[in-house]
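K.L.:
what would the 3D arrangement of this be:
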Amino acid sequence: MSSEGGTRRLFELEGKVALVTGASKGIGEAIARGMAELGASVVVSSRKAEAVEQVAQAFRADGLEATGIAANMGRMDDIESLVDQSVAAYGGLDIIVNNAATNPVYGPIHRTDERAFDKIIDVNLKGPVFLCNRVHPILKERGGGSIMHLSSIGGLTPEAGIGIYSVSKAALINLTKAMAQDWGKDGIRVNAICPGLIKTKFSEALWSDEANLDRFLRKIPLGRLGMSEDIAGLAVYLAGDASAYCTGGVYMVDGGYAAS
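P.N.:
Below you'll find the model as predicted:
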């Protein structure tokens, strides 16, 4: 488009409904706020009802439209209820961001017991699969939509100390491509975002270790850790018409780490 206003409209999300999991803090909260600021009605979801309501209230205090709905992405009943409540609140869904994740083990793979393995796979992979399966007919009926899976640079090359987490994130990348192939005909776009080391509470075990942090920084051409807002910019692009021809993509937001 040639006009400034026309270009701006490519990034507007007015009339859209976005569901963001793991949105009570960090990357998920930043993505949810970014989408709300561009006009979307946002469902803020995470495990704890008090936490999601606090974020939703903060958004509303800033004049944004948001509803907090608690759900554990490792529980199929919670996923069903999350979708039902979201549709009841806003009449449908257009944008899904699978950001919720867990990693209860930091260390070599042989220290990951079955319980921890199941928890990682249930939340990081099984939850996104069945959330997307549940919302597929809703998006299709509305003429399409945008799904984003938050993977990781660890999904491209496993990172030391987070082996099974990296495996779950690698699976999300192939899930992205498989869904893009299956659902493109329904107007549903599916893309993966692979953050590098982002300074959040979730990744504190990585960046709080001075030796580990130095190792990362030496390999990051931009010379700094990422912030949650660095991910939000790409997410809002993938949510709207600016990315209308983007599906099956795997996008790194890592300060150049993977290029080193």
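
K.L.:
longest helix anywhere in this protein?
P.N.:
helix 163-183 (DSSP state H).

K.L.:
which residues are contacting that one?
P.N.:
The contact list for helix 163-183 (C-beta atoms under 8 Å, 6 or more residues apart in numbering) reads 98, 101, 103, 105, 108-109, 112, 116-117, 120-121, 124-125, 128-129, 132, 136, 140, 147, 149-152, 154-156, 158-159, 188-192, 194, 247-250. No exception for glycine: its C-beta is placed from N, CA and C like everyone else's.

K.L.:
now list the buried members of those residues.
P.N.:
Neighbour-count burial (16 or more other C-beta atoms under 10 Å) applied to the contacts of helix 163-183 gives 98, 101, 103, 105, 112, 116-117, 120-121, 124-125, 128-129, 132, 136, 147, 149-152, 154-156, 158-159, 188-192, 194, 247, 249-250.

K.L.:
hang on, the earlier thing: alpha carbons only: can I get whichever helix or strand comes after the longest helix of the chain in PDB?
P.N.:
As assigned by DSSP states H and E, the chain's next helix or strand after helix 163-183 is strand 188-195. Taking Å, rounded to 0.1, in the frame of the first residue of the first chain, the C-alpha atoms of strand 188-195 are listed here in PDB:
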ATOM      1  CA  ILE A 188      -5.400 -20.300   9.200                       C
ATOM      2  CA  ARG A 189      -1.800 -19.300   9.400                       C
ATOM      3  CA  VAL A 190       0.600 -21.000  11.800                       C
ATOM      4  CA  ASN A 191       4.100 -19.700  12.700                       C
ATOM      5  CA  ALA A 192       6.700 -20.400  15.300                       C
ATOM      6  CA  ILE A 193       8.700 -17.800  17.200                       C
ATOM      7  CA  CYS A 194      12.100 -18.900  18.600                       C
ATOM      8  CA  PRO A 195      13.300 -16.600  21.300                       C
END
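
K.L.:
so where's the stretch 101-250 of the chain uncertain?
P.N.:
203, 205-207 (pLDDT under 70).

K.L.:
once you drop chain neighbours, what's closest to residue 52?
P.N.:
Nearest residue to residue 52 in three dimensions, chain neighbours excluded: residue 68, at 3.4 Å (C-beta to C-beta, 6 or more residues apart in numbering).

K.L.:
list the buried residues in stretch 46-65.
P.N.:
Buried residues in stretch 46-65 (16+ other C-beta under 10 Å): 46-47, 51-53, 55-56, 59, 64.

K.L.:
so which residues make contact with it?
P.N.:
So stretch 46-65 is contacted by 21-25, 28-29, 32-33, 36-37, 40-42, 44-45, 66-72, 100 (C-beta under 8 Å, 6+ apart).

K.L.:
what ranges do the helices span in the protein?
P.N.:
Taking DSSP H as the criterion, the chain carries its helices at 4-9, 26-37, 49-61, 76-90, 114-121, 127-141, 163-183, 204-207, 210-218, 228-239.

K.L.:
most tightly packed of the ones you listed?
P.N.:
helix 26-37 (a mean of 25; mean count of other C-beta atoms under 10 Å).

K.L.:
so what does that helix touch, helix or strand wise?
P.N.:
Counting by 3 or more C-beta pairs under 8 Å, 6 or more residues apart in numbering; DSSP states H and E, the packing neighbours recorded for helix 26-37 are strand 17-20, strand 41-46, helix 49-61, strand 95-98, helix 228-239.

K.L.:
adding distance to residue 84, write the ones you listed out as TSV.
P.N.:
Putting the helices and strands packed on helix 26-37 into TSV (distance: least, C-beta to C-beta, whole Å) gives the following:
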stretch	distance to residue 84
strand 17-20	12
strand 41-46	12
helix 49-61	16
strand 95-98	15
helix 228-239	22
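
K.L.:
contact partners for residue 125?
P.N.:
168, 171-172, 175.
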